[in-house]
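In: take this sequence and fold it.
(one chain, ligands or ions: 1)
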Amino acid sequence: MRPLRIAMIGCGFMGAAHSQGWRTAPRVFDLPAAVEMSVVVGRRADAAADAAQRWGWAGSATDWREAVGRDDVDVVDIVTPGDSHAEIAVAALEAGKHVLCEKPLANTVAEAERMAAAAERAAADGVLSMVGFTYRRVPAATLARDLVARGEIGRVQQVRACYRQDWLVDPGAPLAWRLRKEHAGSGALGDIGAHAIDMVQFITGQRVRRTTGVVDTIVEERPLPPEEQDGPDGRRTGRVTVDDVALFTGRLDSGALAAFEATRFATGRKNALTVEVSGDRGALAFDLEDLNTLRVYDRTAPEERQGFTRVLVTEPGHPYLAGWWPPGHMLGYEHGFSHQVKDLVEGVASGEPPHPSFTDGLHVQRVLDAVERSAAQDAAWADV
Ligand code: SOE
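Out: Just a heads-up that it's a prediction; the model follows:
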């Protein structure tokens, strides 16, 4: 089996999650290629070396260009903040490397367009690319997509998708990179609203074509992080330059309306991505905080059995479950990253492009942009 040699660029929280995926997938699934975790790249040599040692990478480096240019690297996995996605991804694709890039694809539509164009050029030479919208690969979410595609809930008439977190309720929470437009592009909108958009488009098989939206920044000034203070008691603050909350609608291909919420101010909600799809024959409800279950409603069931049924999505026939534990032995947040690796490696081996493509990522970027345009015009309709 020809090995697939991976270079991962970035070594923060997402680096830890992706490393679990690279390490675990080959041990759980029968993959058509061997995975070699060759090198992890970080800006600071000590942090990169520590990440390599802790997460199981063979080596570490500080120069992503050098790693991307290495002959013994086949896949570049980008887990850096959004401001460097375009530069790294385009360089990697032009060097003939398959690319997995974290979401959102980029910070601007222009960057995402460049990336999608580079991905298309590279695809002509058999080079693949994929965006890390990993929640698609939670088995219950994949099952929801399958049920909608099979017509089990009939015609989709309305959708609601919320991604709610609360880690910014504390006004003393530091001004991390996710709160700076130059690094993150936007706030809750791009960081977690992007997941909600992707989930709706994935599960319904439709795209958002128009939107109306409003955004809000609730805490506008925050303490700088410790490394940017002038001493241990530093009081320096900086401006938050992104949204804390985004509320928006989406008109889907079919004309059905979707309601979206993305917020980091939903007190008590830690990582609550909920998607509810209402059809004329039934409905589906997914909740990331209860990710082993899918709630399914069948309008055609006898009256005495009307009501949402809680389906435990852990049977061997459920998506991705064959490789894991016996029924009822739950999966968690990290499993989606193994599923992502499985699908990417299988795609590389078969030549069949995995989803979501950079073009899918570009469309999400356009929705994000349209929400911001709408918000700037008092929530007027904006085309995607
Ligand atoms: C932070 O809000 C974050 O880690 C996002 O960046 C991820 O995409 C999401 O999966 C969980 O929350």
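In: wait, what's in contact with the residue of the chain found nearest the ligand?
Out: Nearest residue of the chain to the ligand: Asp191, at 4.7 Å (Cβ to the nearest ligand atom). In this view, the C-beta of every residue, glycine as well, is placed from N, C-alpha and C. Going by Cβ atoms under 8 Å, 6 or more residues apart in numbering, Asp191 touches Pro104, Arg178, Ala184, Ala262.
In: which one (most neighbours) among those?
Out: Among the contacts of Asp191, the one with the most neighbours (other Cβ atoms under 10 Å) is Ala262, at 33 neighbours.
In: helix/strand/coil for that one?
Out: Here Ala262 is strand, with the state taken from DSSP: H, G, I helix; E, B strand; the rest coil.
In: show me what from the stretch 151-300 of the chain comes close to the ligand.
Out: For the stretch 151-300 of the chain, the residues found near the ligand under the criterion Cβ under 6 Å from any ligand atom are Gln165, Asp191, Ile192, Asn271.
In: hang on, the second one in a helix?
Out: Spelled out, that is Asp191. Yes: secondary structure of Asp191 (three-state DSSP): part of a helix.
In: surely Arg160 meets Val275?
Out: Yes: the criterion here is Cβ atoms under 8 Å, and Arg160 meets it with Val275 at 7.4 Å.
In: pick out whichever of the two has more residues nearby.
Out: Between Arg160 and Val275, counted using other Cβ under 10 Å, Val275 has the larger neighbour count: 26 against 17.
In: what bridges to the more buried one?
Out: Beta-bridge pairing of Val275 under DSSP bridges involves Ala161, Phe286.
In: when you give positions from now on, start the count at 25
Out: With the count now opening at 25, the last piece we talked about shows up as Val299.
In: just the CA coordinates for stretch 124-141, please, in CSV.
Out: The C-alpha trace of stretch 124-141 is given here as CSV (Å, rounded to 0.1, in the frame of the first residue of the first chain):
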residue,chain,number,x,y,z
LEU,A,124,-7.8,19.5,3.6
CYS,A,125,-8.6,23.0,4.8
GLU,A,126,-10.4,24.0,7.9
LYS,A,127,-13.7,26.0,7.7
PRO,A,128,-14.6,28.6,6.9
LEU,A,129,-12.7,28.2,3.6
ALA,A,130,-11.3,31.7,3.8
ASN,A,131,-11.9,35.2,5.3
THR,A,132,-13.3,36.8,2.1
VAL,A,133,-15.1,35.7,-1.1
ALA,A,134,-12.1,36.9,-3.2
GLU,A,135,-9.8,34.5,-1.3
ALA,A,136,-12.3,31.6,-1.5
GLU,A,137,-12.6,32.2,-5.3
ARG,A,138,-8.9,32.0,-5.7
MET,A,139,-8.8,28.8,-3.7
ALA,A,140,-11.7,27.2,-5.6
ALA,A,141,-10.1,28.1,-8.9
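In: return the set of buried residues in it.
Out: By neighbour count with 16 or more other Cβ atoms under 10 Å, stretch 124-141 contains the buried residues 124-132, 135-140.
In: just checking, which of these belong to strands?
Out: Counted as lying in strands by DSSP state E, out of those, are Leu124, Cys125, Glu126.
In: which among the residues of the stretch 175-324 of the chain next to the ligand end up buried?
Out: Of the members of these, the ones counted as buried by neighbours, 16+ other Cβ under 10 Å, are Gln189, Asp215, Ile216.
In: I'd say the first one and Asn295 touch.
Out: What it means is Gln189. Yes: at 6.0 Å, Gln189 counts as touching Asn295 under the criterion of Cβ under 8 Å.
In: specify the local secondary structure of Val239.
Out: For Val239, the assignment made with three-state DSSP gives strand.
In: equivalent analysis for Arg169, please.
Out: Under the three-state scheme (three-state DSSP), Arg169 adopts helix.
In: and it, what does it touch?
Out: The neighbours of Arg169, taking Cβ under 8 Å, 6+ apart as the test, are Arg160, Phe226, Ile227, Gly229.
In: need the pLDDT of it.
Out: On the pLDDT scale, Arg169 is placed at 98.
In: how much space between it and Ser381?
Out: When Cβ to Cβ, to the nearest Å is applied, the distance between Arg169 and Ser381 equals 16 Å.
In: Leu152 now?
Out: For Leu152, the distance to Ser381 equals 9 Å [Cβ to Cβ].
In: returning to that earlier point: could you redo the ones in strands among the buried residues of stretch 124-141 as CSV and give each row pLDDT and distance to Glu396?
Out: Listed next are these as CSV, based on pLDDT from 0 to 100; distance: Cβ to Cβ, whole Å:
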residue, pLDDT, distance to Glu396
Leu124, 98, 26
Cys125, 98, 21
Glu126, 98, 20
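In: tell me the one of those residues nearest Asp257?
Out: Proximity of these to Asp257 was ranked by Cβ to Cβ; the top entry is Glu126 with 34.9 Å.
In: correct me, but the closest one touches Met154?
Out: No: the criterion here is Cβ under 8 Å, and Glu126 misses it with Met154 at 10.5 Å.
In: just checking, what packs against the helix or strand that contains Leu386?
Out: With secondary structure defined by DSSP states H and E, Leu386 is part of helix 382-400. Here helix 382-400 touches helix 133-147, strand 153-156, helix 218-228, strand 232-240, strand 269-276, strand 406-407, going by 3 or more Cβ pairs under 8 Å, 6 or more residues apart in numbering; DSSP states H and E.
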